[in-house]
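J.: Let's see this in three dimensions:
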Amino acid sequence: NRLPVGLQRTGVPVKWVADRTESFLTDAHGRDHHTTVEMGFDKNNKIVGLKVDTIANLGAYMSLFSSATPTYLYATLLSGQYNIPAIYGNVRTVYTNTAPVDAYRGAGRPEATFVLERTMEIAARELGVSPAELRRTNFITQFPHQTPVIMCYDAGNYGASLDAAMKQADYAGFAKRKTAAAKKGKLRGIGMSCYIEACGIAPSAAVGSLGAGVGLWESAEVRVNAVGTIEVLTGSHSHGQGHETTFAQLVNSRFGVPLDSVSIVHGDTDKVQMGMGTYGSRSGAVGMSAIVKALDKVEAKAKKIAAHLLEADEGDIVIENGQLKVAGTDKNVPWFQMALAAYTAHNLPQGMEPGLKETAFYDPSNFTFPAGCYICEVEIDPDTGKTDIIQFVAAR
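T.: Numbering: from 1, shown residues only. All right, here's what the predicted structure looks like:
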C-alpha cells in the first residue's frame, strides 16, 4: 500500500493546480471551425437554400465527444429558427498539432448559431433590409416543423422573443443614440442573435440511430419512509446546478411536505439503480420528468390509502399542505400518518402491498428546443478601440 508521491515527500496531502498557460496547452478546447457559407433568397427575401462547408479541428488526438460535436450536435441545428427548405451541410474533421477539443458549453449549438446569425446579418446589409425584419420574414411559424437536418421542432414562438427583446432594448430608438454618440466622437453599434438549441438529450431511438451504444433515458425512485420523510434517488448528477434544492422543491410542491424532510440521493451507485447522468441540459427535461412519473405513482397509492382510512372515495382525495383531505370537508389524514399506515399495514385496502416506494424511467420521444433572442448595444472609442457594452438584453 504505497502512499501517493506527494504524501511520501511532504507528509501532507498535495494538490496540483494548473496555471493559465498550462491550461491553454493541455485542457480540452471548446471548438475550432473554419466555415464557408452560402445562402440564397427569393425576391421576397425568403430563404430558399443554405449551403455550409465546415472544416472542424479535432486537435492532435480524439477525445470523448470531439467527433460528435461538429457533426450530430452542429449540423443538425443549421436550420436555426428559420424556415429553410433546402440545407446542404458538409463537415470535414481534421487532426492537427493543437490541443484536443471536446464538448464545452453548448457543444455544437453555439457554432451553428454563429454561422446562421452572422450570415443573416450580412444578408440583411446586402439586401438593404432591417436585420430584425429579415429574421422575422424567415421565422418558422407553423409547428410541428420538420427541418431538412433531422430535427423536428415541436413548438415555438420566435416572433414573440424578438419583439420582447427589441422593446426592452429600445431598438427603434437606436438611430438617435447612434447620432448622439457620433457627436461625442464615439461609434455606436447594435446587433442581435436569434438562437435555438436541442436540449433534454435523451430520446433513445434518436441517439441510437446516430450510433450511440446506450439508451439515454433517465431513472428515478421515490421512497416515502414510515415517518413521512422522502428520499428521491435520481440518475441525474448535480455538480453545482442546485439539483438538491430544485428536486426537493418539486416534491414539496406536490405533497406539501417540508423541504428539510426531503433528501436527494445522486451519484451513489450503492443506492441508485442506474442513471445516465448530467449533460445536454437534460436534468430538468429528462431527470425531473422521471421523478414526476415516480411521484405520480406515489400519489396514486397514497390517495388510495387515505381514501381507505377516511372512508371516502379515492377521487375526492386532495393533497394540500402535507395533508390528504376529503375535498370540501374538514376530514383529513396527515402525510406522516398515511405513510405510517402504509408500513404498519394493519389497515390497507384489500390486496394492497405494504410500503410506499415507486420507480420510474423516462425516455422522451423528442428533444426540447429552447429558443430566444439576444440584443447587444456597444459604444467604441475609434482612437483606442476601447469597447463598452451599453446594454445586453435577453428574451427567451
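J.: what sits against the closest residue to residue 297 other than its chain neighbours?
T.: Once flanking residues are discounted, residue 297 sits nearest to residue 358: 3.8 Å by C-beta to C-beta, 6 or more residues apart in numbering. Any C-beta I mention is one placed from the backbone N, CA and C, and that applies to glycine too. For residue 358, the contacting residues are 221, 222, 294, 295, 297, 298, 301, by C-beta atoms under 8 Å, 6 or more residues apart in numbering.
J.: out of those, who's nearest residue 362?
T.: Nearest to residue 362 among the contacts of residue 358, counting by C-beta to C-beta, is residue 294 at 9.1 Å.
J.: Can you show me the helices along the protein?
T.: Using DSSP state H, the helices of the chain run over residues 5-10, 20-26, 109-127, 131-138, 158-168, 174-183, 204-209, 243-255, 289-310, 335-344.
J.: mind saving the C-alpha coords of the fifth one as PDB?
T.: This file holds the C-alpha atoms of helix 158-168, laid out as PDB (Å, rounded to 0.1, in the frame of the first residue of the first chain):
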ATOM      1  CA  TYR A 158     -39.800  33.200 -32.200                       C
ATOM      2  CA  GLY A 159     -41.500  36.400 -33.200                       C
ATOM      3  CA  ALA A 160     -42.600  36.900 -29.500                       C
ATOM      4  CA  SER A 161     -39.000  36.700 -28.200                       C
ATOM      5  CA  LEU A 162     -37.800  39.000 -31.000                       C
ATOM      6  CA  ASP A 163     -40.500  41.600 -30.100                       C
ATOM      7  CA  ALA A 164     -39.800  41.400 -26.400                       C
ATOM      8  CA  ALA A 165     -36.000  41.900 -26.900                       C
ATOM      9  CA  MET A 166     -36.500  44.800 -29.300                       C
ATOM     10  CA  LYS A 167     -38.900  46.500 -27.000                       C
ATOM     11  CA  GLN A 168     -36.600  46.100 -24.000                       C
END
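J.: Number the chain from 390, please
T.: Okay, using 390 as the starting number, the last item reads as helix 547-557.
J.: which secondary structure elements does that helix contact?
T.: Secondary-structure packing of helix 547-557 (3 or more C-beta pairs under 8 Å, 6 or more residues apart in numbering; DSSP states H and E): helix 520-527, strand 576-585, strand 760-769, strand 776-784.
J.: Residue 417: which of those is closest?
T.: Using C-beta to C-beta, the helices and strands packed on helix 547-557 put strand 576-585 closest to residue 417, at 23.2 Å.
J.: Mind listing residues that contact the closest one?
T.: Under the criterion C-beta under 8 Å, 6+ apart, residues 466, 469-470, 498, 502, 506, 509-510, 520-521, 524, 542, 545, 547, 550-551, 554, 558, 560, 563, 566-567, 569-571, 758-771, 779 lie in contact with strand 576-585.
J.: average model confidence for it?
T.: Average pLDDT, strand 576-585: 97.
J.: List the buried residues of that strand.
T.: 577, 579, 581, 582, 583, 584, 585 (16 or more other C-beta atoms under 10 Å).
J.: could I get these as CSV with distance to residue 650?
T.: Putting the buried residues of strand 576-585 into CSV (distance: C-beta to C-beta, whole Å) gives the following:
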residue, distance to residue 650
577, 55
579, 51
581, 47
582, 44
583, 44
584, 40
585, 40
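J.: beta partners for the nearest residue to residue 692 once chain neighbours are set aside?
T.: Closest residue to residue 692 apart from its sequence neighbours, by C-beta to C-beta, 6+ apart: residue 706 at 4.3 Å. Beta bridges link residue 706 to residue 715, judged by DSSP bridges.
J.: Residue 713 is in contact with residue 706, correct?
T.: Yes. Using C-beta atoms under 8 Å, residue 706 is in contact with residue 713, at 5.6 Å.
J.: which residues are common contacts for these two?
T.: With C-beta under 8 Å, 6+ apart, residue 706 and residue 713 have common neighbours 692, 695, 699.
J.: related to what we said a few turns ago, tell me who's in contact with the residue nearest to residue 692.
T.: Contacts of residue 706 by C-beta under 8 Å, 6+ apart are 692, 695, 696, 699, 713, 714, 715, 716.
J.: repeat that for 7 Å
T.: 692, 695, 696, 713, 715 (C-beta atoms under 7 Å, 6 or more residues apart in numbering).
J.: pLDDT wise, what is it at?
T.: As predicted, residue 706 sits at a pLDDT of 97.
J.: Kindly report the domain assignment for the protein.
T.: 413-544, 551-587+758-784, 593-751 (the TED database).
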